[in-house]
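Would you be able to build a 3D model of this:
(2 chains)
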Amino acid sequence: MAESVCRTLRDGGLEGEHAPALTIKDSIASPFGFDVFCHVLTQLSSFILAGKSQSRGLVLVAFCRSPSFYADLLKSKGIDVNSSNKCRVRILDCYTDPLGWKFRLMGVGNLRDLSCEASSTGILCKDVKDTNKLYSSIIELGKGLVAEAKSRFSVAIDSVDQMLRHASMSSVAGLFSNLRSHGQVSNVFWLLHSDLHEVRVTASLEYMSSMVASVEPLQQLTNGQRDDSDKASLTEQNLKKGKFHVRFKRRNGRVRVMLEEFHIEQSGISFKSASSEEVTNQGLLPKVQFSLQLSEKEQIDRSNVVLPFEHQGNGKPIQIYDGRNSLMEGKHETTSVSAGNSETNEGSGGGEIIYYRDSDDEMPDSDEDPDDDLDI
Amino acid sequence: MDQRSSNLLDEALGLDCQTDRWALAGRVVAIEDSVETSGSFILHQLVKRALAPNSSTVVLFIAFAQPFSHYDRILRKLGCNLAAQRVNNRFFFFDKLTLQCPDVDERNSPVSGLVALYGEIQETIYGLPEVSRKNVTIIIDDLSIVEVAANGSSDYVLDFLHYCHTLTSEFDCTLITLNHEDIYSSTEKPAFLLQTEYLADILIKAEPLATGLATDVHGQLTVLNKGFNHGQMNSRNKIRNFHFRVKENMVEYFYPGSRN
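Residues are numbered from 1 along each chain as shown, chains lettered A, B, ... in the order given. Sure, this is the predicted structure:
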């Protein structure tokens, strides 16, 4: 399913539609959004390099890691960013000097040289507060990547949190929707730590994306768990694997939700489909210690039980007492109680029901209310 | 008792390996403590460890909480002479007890406040000889007071931390910060604390015992090593929990129940 996310990004958008956008979100209980981001990034860049995707290049806006980190990451997957002839990835460096502090210190004479490690692969952004400039830099880098005017490129943003720290929600949202509606952008994806923001911020970013991948812990820590060893083992479990929820939104408004499990391994992150049984169990039933479901044998046994209101069809005429025929039928009965009329049923030889009528003048099953003349 | 021998904390931080390289190079360590259990002893231990004679680490200590004489006294008890290390250019002390950032739009004003502090740190690192430039440890004591100095603007402090973080990737510096967990406990979403946790590769929490006070146990440490460091994957996502007892000239670490 992580695969289908990458595939959707690879296939890109249609002419005259917004480019598909992916929000990757996590929280501190399972802080592996960055691993997912790196996974998507490497997958997509290898698609681009192989020429399999709609986009012909990728612009990476680096906020939280240095460009050299990404260069190493891609190189470890066999993608060389620095080789000039096949360079398909450009990095907009918002990490080294996002607010221009280094530049200003250089002006005062405190600093010798601003190490411009980004120069070979991308450009340095010294004022991330200006989203308009950020937008034009991204587009400029992308256009430089793809030679022809018709070709498209992908955009990856590694931290929306930092963008939101420097700029208002509306301007960040404006930047994203501008990117999505730009004719040459094939797809956009970004990473967000959801617990750093208000719900409305997360929600509005999710509205703008056609896919939301959320990284969640397998089991939530509750405040009730005071036992420290318990908490520690649970935390450790959450650090090894977790749930990976993806919500796809189709153009026609259909929403599909899928669940997968991820494992953190030495070499990175790997995805495994969660079995369907687990999914329904997790979704519908609360976690209890006893079994709420029947085994197959129990189900067969249950279906064999004849309920008392069911006609049992054992050959005898079915008699339903209506209160009138009792006298006439009483002659056939072997047992009769002298004090009154009785109705017995000895069909099955077991128990019997004995009914005494108070008097003969009483109309059976009268519609009248017997307590009609009561005067309280 | 041989004080050089590794203890549980060193083990959890990967400092027990006998390598020339400082095991924390390029990593961010966040220490969180609470009122009942102070975490400052971890800073002292790390300073001592970094300034040990067999390592070549240079420590940049940015003090917002205590004056130099305070640290000097404590470290002397631990067997480390800060004044001498200062002369040797192994220990740089930034006395920022009275730092107050001007409350104006810092974009147009001359360099001041945390920008100037960052400039000082960077200048110090550039001034170091090439060899020791690769082994710098920056220690900030503590972030809550930095926030006070920044007039409560946590975004400003986060920007400052980001710039310090750029040093970790540029020079393989270690960044160690101390913060207090419980001062954020009333906030529903403690964004500042969470940000520092996201930034950290190693998170050390000093907490009181859940069962209450004890005479021979002073608290517990939880070390969460989640480092995303391509070189050292082996200690990734390990969590360790142990008790400690702070003594006059050393700290004892032990697993719960392992002492008689």
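
Point me to the residue sitting closest to the centre of the chain.
Defaulting to chain A. The centroid of chain A falls nearest to residue A:245 when counting by Cα atoms, centre = their mean (3.3 Å).

look at chain B instead
residue B:176 (2.9 Å).

That one contacts residue B:143, correct?
No: in this structure, residue B:176 is not within contact of residue B:143 by Cβ atoms under 8 Å, at 10.8 Å. Any C-beta I mention is one placed from the backbone N, CA and C, and that applies to glycine too.

so what's residue A:55 up against?
Shown in contact with residue A:55 (Cβ atoms under 8 Å, 6 or more residues apart in numbering or on different chains): A:10, A:12, A:44, A:48, A:151-154, A:186-187.

which among those end up buried?
For the contacts of residue A:55, a burial check counting by 16 or more other Cβ atoms under 10 Å in any protein chain shown picks out A:10, A:12, A:44, A:48, A:151-154, A:186-187.

so which of those comes closest to residue A:202?
residue A:187 (20.5 Å; Cβ to Cβ).

tally of neighbours for residue 247?
All of this refers to chain A. Using other Cβ atoms under 10 Å in any protein chain shown, residue A:247 has 16 other residues around it.

nope, chain B
Here the count is done by other Cβ under 10 Å, and residue B:247 has 11 residues near it.

Please apply the same query to residue B:52.
Count around residue B:52 with other Cβ under 10 Å applied: 15.

any idea of the mean pLDDT in the strand or helix carrying the residue nearest to the centre of chain B?
For residue B:176, the host element (DSSP states H and E) is strand B:174-180. If you average the pLDDT over strand B:174-180, you get 94.

got the buried residues for stretch B:138-158?
Applying 16+ other Cβ under 10 Å to stretch B:138-158 flags B:138-147, B:149-150, B:154, B:156-158 as buried.

ok, now stretch B:86-101?
Using 16+ other Cβ under 10 Å as the test for burial, stretch B:86-101 gives B:86, B:90-94, B:96, B:99, B:101.

Stretch B:180-191 now?
B:180-181, B:184, B:190-191.

Residue A:156: what secondary structure?
Using DSSP: H, G, I helix; E, B strand; the rest coil, the structure places residue A:156 in strand.

How about residue A:69: what's its closest non-neighbour residue?
Leaving aside its chain neighbours, residue A:69 sits nearest to residue B:169 (6.5 Å; criterion: Cβ to Cβ, 6 or more residues apart in numbering or on different chains).

give the contact list for the one you found.
Residue B:169 touches A:65-66, A:68-69, A:95, B:26, counting by Cβ under 8 Å, 6+ apart.

so where is chain A shaky, pLDDT-wise?
Scanning chain A for pLDDT under 70 picks out A:1, A:81-86, A:108-121, A:221-230, A:275-289, A:310-349, A:358-368.

Hmm, residue B:204 is touching residue B:29, no?
Yes: if you go by Cβ under 8 Å, residue B:204 and residue B:29 touch, sitting 6.8 Å apart.

all helices of the stretch 51-200 of chain B, in order?
Along the stretch 51-200 of chain B, the stretches classed as helices by DSSP state H, counting those that start in this stretch are B:68-77, B:82-87, B:113-127, B:143-149, B:154-171, B:191-199.

now these in CSV, with mean pLDDT?
CSV is the format used below for the helices of the stretch 51-200 of chain B (pLDDT from 0 to 100):
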stretch, mean pLDDT
helix B:68-77, 93
helix B:82-87, 93
helix B:113-127, 90
helix B:143-149, 91
helix B:154-171, 91
helix B:191-199, 91
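
got those helices as CSV, with distance to residue A:253 columns?
Formatted as CSV, the helices of the stretch 51-200 of chain B follow (distance: least, Cβ to Cβ, whole Å):
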stretch, distance to residue A:253
helix B:68-77, 63
helix B:82-87, 66
helix B:113-127, 48
helix B:143-149, 45
helix B:154-171, 38
helix B:191-199, 34
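
Relative to residue A:29, which of these is closest?
Of all the helices of the stretch 51-200 of chain B, helix B:191-199 comes closest under Cβ to Cβ, at 10.7 Å.

tell me the angle of the closest one relative to strand B:174-180?
Interaxial angle of helix B:191-199 relative to strand B:174-180 (axes from the mean of the first three to the mean of the last three Cα atoms, to 10 degrees): 150 degrees.

So what touches helix B:191-199?
A:28, A:31, A:161, A:193, A:195-197, B:28, B:30, B:32, B:143, B:147, B:154, B:157-158, B:161, B:165, B:177, B:179, B:181, B:184, B:203.

what's the answer for stretch B:248-257, then?
Contacts for stretch B:248-257 (Cβ under 8 Å, 6+ apart): A:229, B:1, B:3, B:7-9, B:41, B:45, B:77-79, B:220-221, B:241-245.

now do the same end-to-end measure for it.
23 Å (Cα to Cα, to the nearest Å).

Could you pull out the buried residues of it?
Residues of stretch B:248-257 classed as buried: B:250-253 (neighbour count, 16+ other Cβ under 10 Å).

What of stretch B:45-59?
Within stretch B:45-59, judged by 16+ other Cβ under 10 Å, the buried ones are B:45-51, B:55-59.

want to throw those residues into CSV with distance to residue A:174 and pLDDT?
Output for these, formatted as CSV (distance: Cβ to Cβ, whole Å; pLDDT from 0 to 100):
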residue, distance to residue A:174, pLDDT
B:45, 49, 91
B:46, 45, 92
B:47, 47, 92
B:48, 52, 91
B:49, 49, 89
B:50, 46, 90
B:51, 51, 90
B:55, 50, 82
B:56, 50, 85
B:57, 46, 89
B:58, 45, 93
B:59, 45, 93
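
Of all pairs in these, which one is the farthest apart?
It's B:45 and B:56 that sit farthest apart of the buried residues of stretch B:45-59, by Cβ to Cβ, at 18.6 Å.

can you pull out the strands in chain B?
Using DSSP state E, the strands of chain B run over B:28-33, B:58-63, B:91-95, B:136-141, B:174-180, B:202-207, B:219-225, B:238-246, B:251-254.

quick one: the shortest one to chain centroid distance?
What that stands for is strand B:251-254. The chain centre lies 19 Å from the centre of strand B:251-254; the measure is Cα atoms, centre = their mean, to the nearest Å.

Return the mean pLDDT over it, rounded to an integer.
The average pLDDT within strand B:251-254 is 90.

Can you tell me the strand partners of that strand and which way each runs?
Using DSSP bridges, the strands paired with strand B:251-254 in its sheet are strand B:238-246 (antiparallel).

a helix runs through residue A:164, doesn't it?
Yes: counting by three-state DSSP, one finds residue A:164 located in a helix.

Return the residues in contact with it.
Contacts for residue A:164 were tallied using Cβ under 8 Å, 6+ apart; they are A:172, A:197, A:201.

can you tell me which of those residues are in helices?
A:172, A:201 (DSSP state H).

For the contacts of residue A:164, pick the one with the most neighbours.
Neighbour counts for the contacts of residue A:164 (other Cβ under 10 Å) peak at residue A:172, which has 22 neighbours.

my guess is it contacts residue A:162, does it?
No: if you go by Cβ under 8 Å, residue A:172 and residue A:162 don't touch, sitting 10.3 Å apart.

does residue B:119 really touch residue B:111, like I thought?
Yes: here residue B:119 reaches residue B:111: they are 6.3 Å apart, a contact under Cβ under 8 Å.

Tell me which stretches of chain A form strands.
Counting by DSSP E, chain A has strands at residues A:21-26, A:55-62, A:89-93, A:122-124, A:152-157, A:185-193, A:211-217, A:241-249, A:255-265, A:268-273.

circling back: show me whatever sits in contact with both of residue A:172 and residue A:162.
Joint contacts of residue A:172 and residue A:162 (Cβ under 8 Å, 6+ apart) do not exist.
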